[in-house]
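**Q** please work out how this folds:
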Amino acid sequence: MNIFSPVYEFGAAFVRDVFPFFLIITPVIFFHELGHFAFARLFGVRVETFSIGFGPAIVSWMDRKGTRWKISWIPLGGYVKFFGDLDAASTPDHEATAKMTAQERSVAFPFKPLYQRALIVAAGPTANFVLAIGILTAFLWSSGAIVAPARVSEVVPGSAAQAAGFHVGDTIVDINGRHIDTFDDVTAIVAMRPGEPLNVTVVRSGQDFLLHVTPRLTAIKDQFGEIEKLGRLGIGARPVWVHYGPIGALQEACHTTWLIVQTTLDMPALMFANNAAVSQLHGPLGIAKFSAQVAQISLLSLIKFAALISISIGLVNLFPIPLLDGGHLLYYGFEAVLGRPLGARAQDVGFRLGLAVILGLVLLETWNDLKLF
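**A** Below is the predicted model:
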């Protein structure tokens, strides 16, 4: 037995399963925090720390403006700490701010105008969307894409679609009031709604027809051999290869981003309606597994997967949950209405509730992740 074989096996497993996750999550986190950092510097806020990861630093250095940059041991997030903040969650340090001089207040985050604080907070998620759109635009412009028009090319016998009266040649233009451009739009809506009646408008021979159909919960094996239970109508569409110019690529990248945003926004309501939506929530372990699977296809596929993760992280951070960027924006909304910040006690209660919600989601995501292994 080769005494070095366990080391080789560990190294191979790291490259196969862990490295792709770091390759995806690190630049996504970096761009998110860079958005906060860039706008803070723009508005003259002193940035004390820029960290990729949490916990003790692996490496760190200080720039000429006094910002400590560091890469930390727990690579599951990151933060930018501003002067005047108590911690990485940007909780105001009331004790410290009360003792600040006029010069210190001029560079402290809590004393900046409301619109500047809001823009600094919103810049992080915005950077994630910009990164994703940039990646998708580059791919679409350089390589084109396989796109399936929302025109039915197949109706499976005995399916929900056949029972509802779908015909080959129907073009789907609307589902429950949502405009449909491609077959991907159809799949995104139907997949998370097994058992939910849908109103589908199709164009047939130049006329509009309204069909009522209920997707059936179907077990589907993906290209990696994983079993997913999703809603299906039992229809197919014939894909075509589409080439894009720079403007068309940007437009399609924006459309794809918006489709992912819509699907994610649907998730909270769908979680209460069916288990299919709940089972699609995944955390770091799930992302790591999917990253490893996508990396087996190609590096380009992994980079496109990074765009999907970037969109998801940007949007989730905008949810109005204290501790997230959206929670801070919610507080700023109250401040704009009241003409003053919320009291310290109200903010503390909000942060505690936000922490409870986030911990609950983490537990749910971890449970779903463990079922993948």
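
**Q** contacts, neighbours, all on C-alpha from now
**A** Fine.

**Q** burial count for His255?
**A** Using other C-alpha atoms under 10 Å, His255 is surrounded by 15 other residues.

**Q** tell me the SS of it?
**A** His255 falls in the helix class when you classify it by DSSP: H, G, I helix; E, B strand; the rest coil.

**Q** so which other helices or strands are in contact with the helix or strand where Asp184 lies?
**A** Mapping Asp184 onto the secondary structure by DSSP states H and E places it in helix 183-191. In this structure, helix 183-191 packs against strand 227-232, helix 246-271, with contacts taken as 3 or more C-alpha pairs under 8 Å, 6 or more residues apart in numbering; DSSP states H and E.

**Q** and the last one, what's buried?
**A** Within helix 246-271, the residues scored as buried using 16 or more other C-alpha atoms under 10 Å are 249-250, 252-254, 256-257, 259-261, 263-264, 267, 270-271.

**Q** quick check: closest non-adjacent residue to Leu76.
**A** Taking C-alpha to C-alpha, 6 or more residues apart in numbering, and ignoring the residues beside it in sequence, Leu76 has Gly53 as its nearest neighbour in space, at 5.7 Å.

**Q** I figured that neighbour hits Gly77, correct?
**A** Yes. Taking contact to mean C-alpha atoms under 8 Å, the distance of 5.0 Å between Gly53 and Gly77 places them in contact.

**Q** more neighbours, the two?
**A** Using other C-alpha under 10 Å as the criterion, Gly53 and Gly77 rank with Gly53 on top: 21 against 17.

**Q** gap between the more buried one and Gly35?
**A** Taking C-alpha to C-alpha, to the nearest Å as the criterion, Gly53 is separated from Gly35 by 16 Å.

**Q** helix/strand/coil for Asp208?
**A** Per three-state DSSP, the local secondary structure of Asp208 is strand.

**Q** for the one helix or strand Ser72 maps to, buried residues please.
**A** Element membership for Ser72, per DSSP H and E: strand 68-82. Residues of strand 68-82 classed as buried under the neighbour-count rule (16+ other C-alpha under 10 Å) are Arg68, Trp69, Lys70, Ile71, Ser72, Pro75, Gly77, Gly78, Tyr79, Val80, Lys81, Phe82.

**Q** widest-spaced pair of the residues you listed?
**A** For those, the farthest-apart pair by C-alpha to C-alpha is Pro75 and Phe82; their separation is 20.5 Å.

**Q** please enumerate the helices of the protein.
**A** In the chain, the helices defined using DSSP state H lie at 5-13, 19-42, 94-98, 102-105, 114-143, 160-164, 183-191, 246-271, 275-278, 284-297, 299-316, 325-338, 344-370.

**Q** and those as JSON lines, adding distance to Thr49?
**A** Formatted as JSON lines, the helices of the chain follow (distance: least, C-alpha to C-alpha, whole Å):
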{"stretch": "helix 5-13", "distance to Thr49": "32"}
{"stretch": "helix 19-42", "distance to Thr49": "10"}
{"stretch": "helix 94-98", "distance to Thr49": "17"}
{"stretch": "helix 102-105", "distance to Thr49": "17"}
{"stretch": "helix 114-143", "distance to Thr49": "15"}
{"stretch": "helix 160-164", "distance to Thr49": "55"}
{"stretch": "helix 183-191", "distance to Thr49": "39"}
{"stretch": "helix 246-271", "distance to Thr49": "30"}
{"stretch": "helix 275-278", "distance to Thr49": "36"}
{"stretch": "helix 284-297", "distance to Thr49": "24"}
{"stretch": "helix 299-316", "distance to Thr49": "21"}
{"stretch": "helix 325-338", "distance to Thr49": "17"}
{"stretch": "helix 344-370", "distance to Thr49": "21"}
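
**Q** out of those, flag the one nearest Gly177.
**A** With C-alpha to C-alpha as the measure, helix 183-191 is the member of the helices of the chain nearest Gly177 (11.4 Å).
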